[in-house]
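S.K.: sequence unknown, structure follows:
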């Protein structure tokens with residue numbers, strides 16, 4: 001799942017605490033062209049206020065209208081849209097797509113608390129819902145698992161927020177941080193150099209003056225973590241790479257030309273890194289967009305991170321740059 005679904009659960013919990021009636025709606029099946037994948041989540045309040053999306057806006061109005069007219073289900077119920085081409089057109093489903101949903105009342109938020117607490121600890125969990133009994137269970141999940149529905153029970157995945165560690169607090173880092181924030185990454189910037197960290201003022205980010213390699217170990221990077229080293233100072237960039245390349249981080253990149261990258265890899269080979277670990281390095285960093293300015297370079301870096309996160313082939317790499325095999329990482333696990 002993506003972080004939007006965690007936000008949906010947070011809002012649903014707040015509404016429930018205020019004494020509002022709340023329903024959750026989950027996409028369980030799609031046919032044809034559908035804007036939201038299985039597992040996508042929406043929360044709906046009794047007055048029709050919603051957060052999240054199950055169709056990109058196609059059927060939300062009908063769901064709201066149902067609640068406002070008193071169709072307030074008391075147990076998990078199936079809803080299907082787009083059975084015919086005419087109905088698909090009426091609800092605005094693209095290309096005649098079909099959509100199957102489960103709507104359930106939120107009567108207990110203990111399981112919501114557990115999901116939010118465990119994902120905050122960077123755990124990946126699965127929520128199962130028995131449609132006959134309404135019973136919810138939370139259990140550990142593994143990367144690579146997909147949303148499941150067998151007609152009687154759904155199993156949806158909830159994972160930690162994607163995070164980005166930026167080494168260096170210069171102009172490029174500021175642009176990367178702002179773009180990553182817009183993509184809902186948790187952003188951490190690290191720079192022990194006093195002349196840089198005193199000017200870092202990007203809201204909603206965390207700043208650290210620790211040595212980069214120490215911070216990597218402290219953060220315990222996981223498969224939801226990305227690292228970019230952009231100080232242009234080998235003493236700092238190489239330090240973080242030595243630890244980050246050994247971690248499960250899904251992306252590790254470093255700023256530098258092709259010749260600088262080749263020299264960096266030769267230096268890294270002198271330490272306890274395997275050839276496979278060194279080959280994980282994305283460098284020269286970013287997609288080849290012909291970028292010139294810090295903002296354009298930031299676009300290329302963030303675009304590459306998103307491509308790797310989504311398991312997309314890196315077809316726009318700079319000439320001479322390595323093309324690491326797809327990590328298999330996908331945005332919805």
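M.R.: Cool, got the structure. Owing to the predicted nature of the structure, the values given are computational and were not obtained by experimental measurement.
S.K.: Every contact and neighbour count from this point should use C-alpha atoms.
M.R.: OK.
S.K.: Does residue 136 touch residue 115 like I think?
M.R.: No. Counting by CA atoms under 8 Å, residue 115 is not a contact partner of residue 136; they are 11.5 Å apart.
S.K.: Show me which of these two is the more surrounded one.
M.R.: Shown here are residue 136 and residue 115; by other CA atoms under 10 Å, residue 115 has more neighbours (26 against 17).
S.K.: ok but that one is inside a helix, no?
M.R.: Yes. Assessed by DSSP: H, G, I helix; E, B strand; the rest coil, residue 115 belongs to a helix.
S.K.: which residues touch it?
M.R.: 125, 138, 158 (CA atoms under 8 Å, 6 or more residues apart in numbering).
S.K.: Nearest spatial neighbour of residue 135, chain-adjacent residues omitted?
M.R.: residue 129 (5.8 Å; CA to CA, 6 or more residues apart in numbering).
S.K.: Okay, now the unreliable bits of the stretch 101-250 of the chain?
M.R.: The stretch 101-250 of the chain contains no residues with pLDDT under 70.
S.K.: how about the strands of it, start to end?
M.R.: 125-130, 136-140, 148-149, 153-158, 163-167, 186-190, 206-208, 225-229 (DSSP state E, counting those that start in this stretch).
S.K.: can you list contacts of the second one?
M.R.: Strand 136-140 is contacted from outside by 111, 114-115, 123-130, using CA under 8 Å, 6+ apart.
S.K.: Pull out the buried residues from those.
M.R.: 115, 123-129 (16 or more other CA atoms under 10 Å).
S.K.: Determine which two of those residues are furthest apart.
M.R.: Greatest spatial distance in the buried ones among the contacts of strand 136-140: 123 and 129, 19.4 Å, computed using CA to CA.
S.K.: what sits against the residue nearest to residue 236 when sequence neighbours are not counted?
M.R.: Excluding its sequence neighbours, the residue lying closest to residue 236 (CA to CA, 6+ apart) is residue 212, at 6.8 Å. If you count contacts by CA under 8 Å, 6+ apart, residue 212 has them with 167, 190-192, 236-237, 239-240.
S.K.: Okay, and which of the residues you listed map to helices?
M.R.: Using DSSP state H, the subset of those located in helices is 236-237, 239-240.
S.K.: Neighbour count for those residues - can I get that in a markdown table?
M.R.: Below are the ones in helices among the contacts of residue 212 laid out as a markdown table (neighbours: other CA atoms under 10 Å):
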| residue | neighbour count |
| --- | --- |
| 236 | 21 |
| 237 | 22 |
| 239 | 18 |
| 240 | 24 |
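S.K.: So which of those residues is the closest to residue 67?
M.R.: The closest of these, once distances to residue 67 are taken by CA to CA, is residue 240, at 52.4 Å.
S.K.: Can you give me every residue that contacts the nearest residue to the closest one once chain neighbours are set aside?
M.R.: Leaving aside its sequence neighbours, residue 240 sits nearest to residue 213 (CA to CA, 6+ apart; 4.6 Å). By CA under 8 Å, 6+ apart, the contact set of residue 213 is 239-244.
S.K.: Taking those, tell me the two that lie furthest apart.
M.R.: Spatial extent of the contacts of residue 213 (CA to CA) is set by the pair 239 and 244 at 8.9 Å.
S.K.: Relative to residue 279, how far out is residue 157?
M.R.: 30 Å (CA to CA, to the nearest Å).
S.K.: In CSV, list the contacts of strand 136-140 along with distance to residue 29.
M.R.: CSV is the format used below for those (distance: CA to CA, whole Å):
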residue, distance to residue 29
111, 23
114, 26
115, 23
123, 26
124, 22
125, 21
126, 18
127, 17
128, 16
129, 15
130, 16
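S.K.: what's the farthest-apart pair in these?
M.R.: 123 and 130 (22.7 Å).
S.K.: which of residue 157 and residue 279 has more neighbours?
M.R.: When neighbours are counted by other CA under 10 Å, residue 157 and residue 279 differ, and residue 157 comes out ahead with 25 against 16.
S.K.: outside of the strand ranked longest in the chain, which residues touch it?
M.R.: Looking across the chain with DSSP state E, the single longest strand is strand 22-31. Residues outside strand 22-31 that contact it (CA under 8 Å, 6+ apart): 12, 15-16, 36-46, 54, 97-107, 148-149, 154.
S.K.: If you compare the directions of that strand and strand 153-158, what angle comes out?
M.R.: Compare the direction of strand 22-31 with that of strand 153-158 by axes from the mean of the first three to the mean of the last three CA atoms, to 10 degrees and you get 100 degrees.
S.K.: quick check, nearest of the contacts of residue 212 to residue 144?
M.R.: residue 240 (27.4 Å).
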